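A.B. asks: just coords:
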């Protein structure tokens with residue numbers, strides 16, 4: 001039986017002691033290691049399997065961490081983590097107090113730059129290369145590995161434009177597998193497809209036109225070819241570009257065949273690749289599916305409804321509209337800024353654009369939300385999926401800032417449904433007529449009821465609802481966290497707390513607030529967003545503006561620091577938004 005080579009590799013120095021033939025063995029062992037861990041511990045799979053040979057080659061040829069290697073997004077960095085001092089703790093990946101699912105500077109010296117949002121690698125690597133030149137470190141190498149979906153982003157093009165006129169010692173490796181999380185889209189994807197097919201000739205090479213020394217495309221699973229080309233490029237000065245062709249999910253047949261599902265497949269059989277099914281019997285729907293099915297239902301009757309998503313048709317469930325109405329639904333690729341202004345342009349023509357963007361990704365288009373939408377008071381509908389704490393993806397993906405950064409924008413309505421029925425009803429209300437832009441935030445995960453496809457009813461803008469009556473304490477909730485209050489009330493004496501589902505962060509239901517402040521001395525606000533500048537802050541501003549003194553107002557929410565990774569329930573307990581913590585806060589007032 002052949003001894004394992006991987007078990008003796010703790011860092012790239014150990015890797016560099018091996019022969020090129022031994023590296024082929026390491027590649028298979030590394031691929032098996034990733035499959036076996038992710039099969040039981042879950043995480044991102046296909047992307048890392050696709051770059052096993054590339055990962056080994058980069059660490060073998062370059063003197064990492066002295067040479068700086070940046071992985072775009074980081075979905076594909078599992079092999080990198082295993083080879084750089086984290087093999088023995090890789091089973092803690094994405095778990096509370098374990099290693100991060102993404103490269104993270106504070107975690108390890110080999111993680112040259114923290115990444116979680118795409119298309120940042122070229123800018124970061126160029127910045128490092130420029131700094132090295134200024135410091136006289138002219139032999140230092142800087143490598144950015146970026147996918148064909150990520151390189152189509154505006155930020156990546158901005159960096160390419162700058163890098164092409166620099167003398168920076170920069171190597172960009174294009175990991176071309178025609179996939180992001182979903183299949184790549186757009187004209188650049190078609191261009192790279194033509195390059196791979198041999199249809200594009202040297203004179204119209206877009207990369208060379210930007211002053212890069214272009215090489216490729218080469219087979220990203222041919223380890224010896226990678227080693228040879230990277231060794232050559234190591235001595236080439238200035239900006240370089242290596243086009244590498246890979247297969248997402250390489251080495252696990254099921255992952256190669258269904259690359260979307262096996263991006264992050266959950267638990268599966270490590271030998272066969274068969275998914276281990278989760279019971280969904282009589283479970284409430286995912287909020288993303290409530291959105292996805294509802295927009296199709298509404299679009300069937302309203303031809304003015306348009307759907308837009310920046311590269312997340314499966315995650316947002318806009319895929320249902322893309323299938324049913326392909327001429328009225330658009331996946332624009334990893335281009336949040338474009339998605340927002342595209343929606344603004346559509347809105348000027350009297351159509352109704354539903355722009356579905358994860359809360360954390362809308363941060364990338366903040367200027368467009370303000371200047372292109374809100375300033376012009378265009379009725380764009382922002383559907384913010386994954387609002388609140390999202391769990392194992394951690395600090396880069398938690399959607400906890402949207403209330404704070406959106407409620408300060410003039411003209412913009414901010415709404416958070418209590419449940420899936422309210423999500424349906426606000427979508428229905430919007431398409432009846434909307435005079436302002438609106439953001440609807442809802443969480444990752446499932447709702448509260450299986451009987452959610454009820455008849456539509458209209459929601460009055462700016463109006464909350466009182467869920468329960470009581471005379472000792474007023475609890476003001478926004479969004480789905482209000483369901484925790486409903487559960488807590490079952491454990492309290494009747495008529496103890498008055499629970500108000502405020503629905504709208506902006507505009508606030510001031511009539512309701514006047515009555516609350518006149519009737520209660522003690523008030524608690526609760527939100528699954530940042531405590532700084534959020535819903536609670538809006539209530540405090542209201543109290544100050546109307547001179548409500550001698551009131552005790554306690555604001556519960558996500559504290560003023562970045563929350564790391566763990567399950568949603570673990571993180572809720574840490575930040576005090578779990579049922580037990582909220583009940584304890586309520587009892588202190590009683």
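C.D. replies: Ah, there it is. The model shown is predicted, which means the values in this text are computed figures rather than measured ones.
A.B. asks: what about residue 571, how many neighbours?
C.D. replies: Using other C-beta atoms under 10 Å, residue 571 is surrounded by 23 other residues. Just so you know, the C-beta spots here come from the backbone N, C-alpha and C atoms, and that holds for glycine as well.
A.B. asks: how far away is it from residue 390?
C.D. replies: 9 Å (C-beta to C-beta, to the nearest Å).
A.B. asks: so how far is the lowest-mean-pLDDT helix or strand in the chain from its chain's centroid?
C.D. replies: Ranked by mean pLDDT, DSSP states H and E, the weakest helix or strand in the chain is helix 187-196, scoring a mean of 86. Centroid displacement of helix 187-196 relative to its chain, using C-alpha atoms, centre = their mean, to the nearest Å, is 26 Å.
A.B. asks: now swap in stretch 406-414 and tell me
C.D. replies: For stretch 406-414 - counting by C-alpha atoms, centre = their mean - the centre lies 22 Å from the chain centre.
A.B. asks: same thing with stretch 53-69?
C.D. replies: That offset, for stretch 53-69, works out to 27 Å (C-alpha atoms, centre = their mean).
A.B. asks: what do you get for stretch 396-410?
C.D. replies: That offset, for stretch 396-410, works out to 14 Å (C-alpha atoms, centre = their mean).
A.B. asks: buried set for that stretch?
C.D. replies: If you call a residue buried by 16 or more other C-beta atoms under 10 Å, then stretch 396-410 has these buried ones: 396-407, 409.
A.B. asks: and residue 171, helix, strand or coil?
C.D. replies: Under DSSP: H, G, I helix; E, B strand; the rest coil, residue 171 falls in the strand class.
A.B. asks: quick one: contacts for it?
C.D. replies: Applying C-beta atoms under 8 Å, 6 or more residues apart in numbering to residue 171 gives the contacts 141-144, 233, 240-242.
A.B. asks: quick check: pLDDT value at it.
C.D. replies: Residue 171 carries a pLDDT value of 97.
A.B. asks: same deal with residue 180?
C.D. replies: 80.
A.B. asks: swap in residue 244?
C.D. replies: 96.
A.B. asks: could you find the closest non-adjacent residue to it?
C.D. replies: residue 220 (4.0 Å; C-beta to C-beta, 6 or more residues apart in numbering).
A.B. asks: ok, residues contacting stretch 77-93?
C.D. replies: Stretch 77-93 is contacted from outside by 6, 9-12, 15, 30, 33-34, 37-38, 41, 43-44, 48, 51-52, 55-56, 59, 64-65, 69, 71, 98-103, 108, 110-111, using C-beta under 8 Å, 6+ apart.
A.B. asks: ignore what I typed, I meant stretch 308-315.
C.D. replies: Counting by C-beta under 8 Å, 6+ apart, 149, 180-182, 185, 260, 288, 316, 318-319, 322, 329-336, 338-339, 342-343, 346, 353-358, 361, 385 sit against stretch 308-315.
A.B. asks: chain center to it, what's the gap?
C.D. replies: What separates the centre of stretch 308-315 from the centre of its chain is 11 Å, taken as C-alpha atoms, centre = their mean.
A.B. asks: do the same with stretch 438-454
C.D. replies: On C-alpha atoms, centre = their mean, the centre of stretch 438-454 falls 19 Å from the chain's centre.
A.B. asks: distance between the ends of that stretch?
C.D. replies: Its start and end residues considered, stretch 438-454 measures 23 Å (C-alpha to C-alpha, to the nearest Å).
A.B. asks: re the thing from before, which among the buried residues of stretch 396-410 gets closest to residue 214?
C.D. replies: Each of the buried residues of stretch 396-410 was checked against residue 214 using C-beta to C-beta; the closest is residue 396, at 31.0 Å.
A.B. asks: which ones among the contacts of stretch 77-93 lie within helices?
C.D. replies: 12, 15, 30, 33-34, 37-38, 41, 48, 52, 55-56, 59 (DSSP state H).
A.B. asks: export the residues you listed to CSV and tack on neighbour count, distance to residue 508 and pLDDT?
C.D. replies: Below are the ones in helices among the contacts of stretch 77-93 laid out as CSV (neighbours: other C-beta atoms under 10 Å; distance: C-beta to C-beta, whole Å; pLDDT from 0 to 100):
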residue, neighbour count, distance to residue 508, pLDDT
12, 23, 56, 97
15, 22, 59, 97
30, 26, 54, 97
33, 20, 53, 95
34, 25, 49, 95
37, 20, 48, 95
38, 29, 45, 94
41, 15, 44, 92
48, 28, 46, 94
52, 28, 53, 96
55, 26, 51, 97
56, 25, 56, 98
59, 24, 54, 98
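A.B. asks: closest to the centroid, which residue in this structure?
C.D. replies: residue 397 (4.8 Å; C-alpha atoms, centre = their mean).
A.B. asks: who's in contact with that one?
C.D. replies: 116, 358, 360, 386, 390.
A.B. asks: can you do 6 Å?
C.D. replies: 360, 390 (C-beta atoms under 6 Å, 6 or more residues apart in numbering).
A.B. asks: that one and residue 565, how far apart?
C.D. replies: Applying C-beta to C-beta to residue 397 and residue 565 gives a distance of 9 Å.
A.B. asks: likewise residue 43?
C.D. replies: 11 Å.
A.B. asks: not counting residues beside it along the chain, what's closest to residue 4?
C.D. replies: Per C-beta to C-beta, 6+ apart, closest to residue 4 is residue 29, 6.1 Å.
A.B. asks: okay but the one you found is in contact with residue 7, surely?
C.D. replies: No. Residue 29 is beyond contact range of residue 7, at 8.2 Å (criterion: C-beta atoms under 6 Å).
A.B. asks: those two: which has the busier surroundings?
C.D. replies: residue 29 (18 against 11).
A.B. asks: and residue 440, helix, strand or coil?
C.D. replies: Applying three-state DSSP: residue 440 is strand.
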